[in-house]
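Colleague: Sequence first, predicted model second:
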Amino acid sequence: MIKGIIFDMDGLMLDTEKLLMRFWIESAKEHGFDMKPEHVLSIRSLAGKYAAPKLQGIFGSDFDYTSVRKRRIELMNQFIEENGVEKKPGLDKLLEYLKKHKYKIAVATATEKERADIYLEKVGIIDYFDKFVCNAMVENGKPAPDIYLKACEELSLPPCKCIALEDSPNGIISAYNAGCLPVMVPDLSQPDEQTAKLLYQKINKLDLLIDILENENSLSNTLKG
């Protein structure tokens, strides 16, 4: 029986992936690199230790990942400060359901905790979560399983009792290899053939997870009976 739900943040709960796309490209161009949308998609949810060499493999060894990323953060933070950030459809309904039914809830994000806290406070949902895990808290970020293993540990639940909600292939790989049940809510791209094989379920809106949980509970009650 499912006891915990672990949420990615960017592109899953918050409509920030389009901003990441925009400002990665803008920052890279300021630094003289012609970054394309497909390059940004390839590093979604990747920890810096993986994203940096990947982008250097595309643009050359003089691609300064740290500087480009720092500027991307500045541009994005300025935009969010002026314009706010949007929640993804169905998020509030799902969070209310999970709290009402006493599920344990965590965030597992590649975003630094300080910025994640700011974003989640801005949209008024930070108090729903029992635990927060970010890349700085584990040795290896996504797509390694560490961040989901840590989130399950923080929730005091085995991975097999936890659904992991993700929008990116790298996040799905991380959750799957941790032993969680990966549910994909596609944002900027649909799962490719390889990613689709790893999914427990795919849904188009967050609150559709409620139907999955209701079905799981019905099945569990039937088996107990």
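Modeller: The structure has been received and is ready for your questions.
Colleague: Quick check: the gap between Asp62 and Gly32.
Modeller: 9 Å (CB to CB, to the nearest Å). Just so you know, the C-beta spots here come from the backbone N, C-alpha and C atoms, and that holds for glycine as well.
Colleague: ranges for the strands of the protein?
Modeller: Ranges of strands in the chain, per DSSP state E, are 4-7, 104-109, 131-134, 162-166, 181-184, 201-202.
Colleague: now the ones you listed as CSV including distance to Arg72, mean neighbour count and mean pLDDT?
Modeller: Listed next are the strands of the chain as CSV, based on distance: least, CB to CB, whole Å; neighbours: other CB atoms under 10 Å; pLDDT from 0 to 100:
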stretch, distance to Arg72, mean neighbour count, mean pLDDT
strand 4-7, 23, 26, 98
strand 104-109, 16, 25, 97
strand 131-134, 17, 20, 96
strand 162-166, 21, 27, 98
strand 181-184, 25, 23, 98
strand 201-202, 29, 15, 96
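Colleague: Relative to Ile80, which of those strands is closest?
Modeller: Nearest to Ile80 among the strands of the chain is strand 104-109; the distance by CB to CB comes to 15.2 Å.
Colleague: CA atoms only for the closest one, dumped as PDB, please.
Modeller: Output in PDB follows, covering the C-alpha atoms of strand 104-109 (Å, rounded to 0.1, in the frame of the first residue of the first chain):
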ATOM      1  CA  LYS A 104       3.700  11.400   4.000                       C
ATOM      2  CA  ILE A 105       4.900  14.000   1.500                       C
ATOM      3  CA  ALA A 106       8.400  15.100   0.500                       C
ATOM      4  CA  VAL A 107      10.100  17.300  -2.100                       C
ATOM      5  CA  ALA A 108      13.100  15.900  -4.000                       C
ATOM      6  CA  THR A 109      14.600  18.700  -6.200                       C
END
